[in-house]
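Undergrad: only geometry, no sequence info:
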């Protein structure tokens, strides 16, 4: 279980996270208001969308304003690279420097680091984030397929090896069997890793995987703030997601 400001990931119902994908400070602040109004448990700042992402002091100034606007809602900091479905790319050096600088501010509750980027890191960055007591999601996104079970289990084992507090798998299904296979793997992964998991099968075909965390053990699901803008295929809005999750969990609001 991972605790973020009173939110317990891995206890009770799956929690709902709203990605913020604004390109400007003004758009982000509006999204923060929408996230609070929608009742998201957490927010994720997808900073790869932000127009000033490589100006670290501007990022920090925006982060301060977002924290005020979010008023205690936990915040995940994420730069998603192009290879994993992000909005723009970044060198490994700048990726390292961005996360290092933001982690030092004390303004974020959790970071998402990509598994294949971590393999290029010096170990000092992971150790520094751990020393600052910032929980780490280590993630892998596949927009081509749903890899074979041994490949997915290997990725989860590598995430745990690198010190992930939570492991995340997002994959692309080609058929219903792929969706069910990911859900079943999530359910039985407790025999192989001890960390909580976030898993999803993307696109409309995999939408059920975003709703079934109470059965599979996936501790967090992502919902868009509006029906027009989503950060990944298959997301429904936070409001719709919250209604369904509460219904499936007997209106358990924990």
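TA: That came through, no problem. Everything numeric here is computed off the predicted structure, so don't read it as measured data.

Undergrad: what residues does the worst-scoring helix or strand of the chain on mean pLDDT touch?
TA: Considering only helices and strands, the least confidently modelled element of the chain by mean pLDDT, DSSP states H and E is helix 123-131, at a mean of 89. Contacts with helix 123-131, where a contact means CB atoms under 8 Å, 6 or more residues apart in numbering, come from 96, 99, 100, 103, 111, 113, 118, 136, 162, 163. Quick note: C-beta positions are derived from backbone N, CA and C, even for glycine.

Undergrad: For it, list every residue counted as buried.
TA: In terms of neighbour count (16 or more other CB atoms under 10 Å), helix 123-131 has its buried residues at 125, 126, 129.

Undergrad: Could I get those residues in a markdown table, plus columns for distance to residue 76?
TA: As requested, these are exported to a markdown table (distance: CB to CB, whole Å):
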| residue | distance to residue 76 |
| --- | --- |
| 125 | 17 |
| 126 | 17 |
| 129 | 13 |
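
Undergrad: got the residue ranges for the strands in the stretch 1-150 of the chain?
TA: Along the stretch 1-150 of the chain, the segments classed as strands by DSSP state E, counting those that start in this stretch run 2-4, 7-9, 15-20, 42-46, 75-78, 110-114, 136-141.

Undergrad: residue boundaries of the helices in the protein?
TA: If you assign secondary structure with DSSP state H, the helices in the chain sit at 25-38, 56-70, 92-103, 115-118, 123-131, 149-161, 176-188, 213-216, 238-248.

Undergrad: So which of these is nearest residue 226?
TA: Comparing the helices of the chain by their distance to residue 226 (CB to CB), the top pick is helix 25-38, with 7.4 Å.

Undergrad: In contact with residue 190, which residues?
TA: Residue 190 makes contacts with residue 217, as judged by CB under 8 Å, 6+ apart.

Undergrad: any idea how far it lies from residue 10?
TA: When distances are taken as CB to CB, to the nearest Å, residue 190 and residue 10 turn out to be 11 Å apart.
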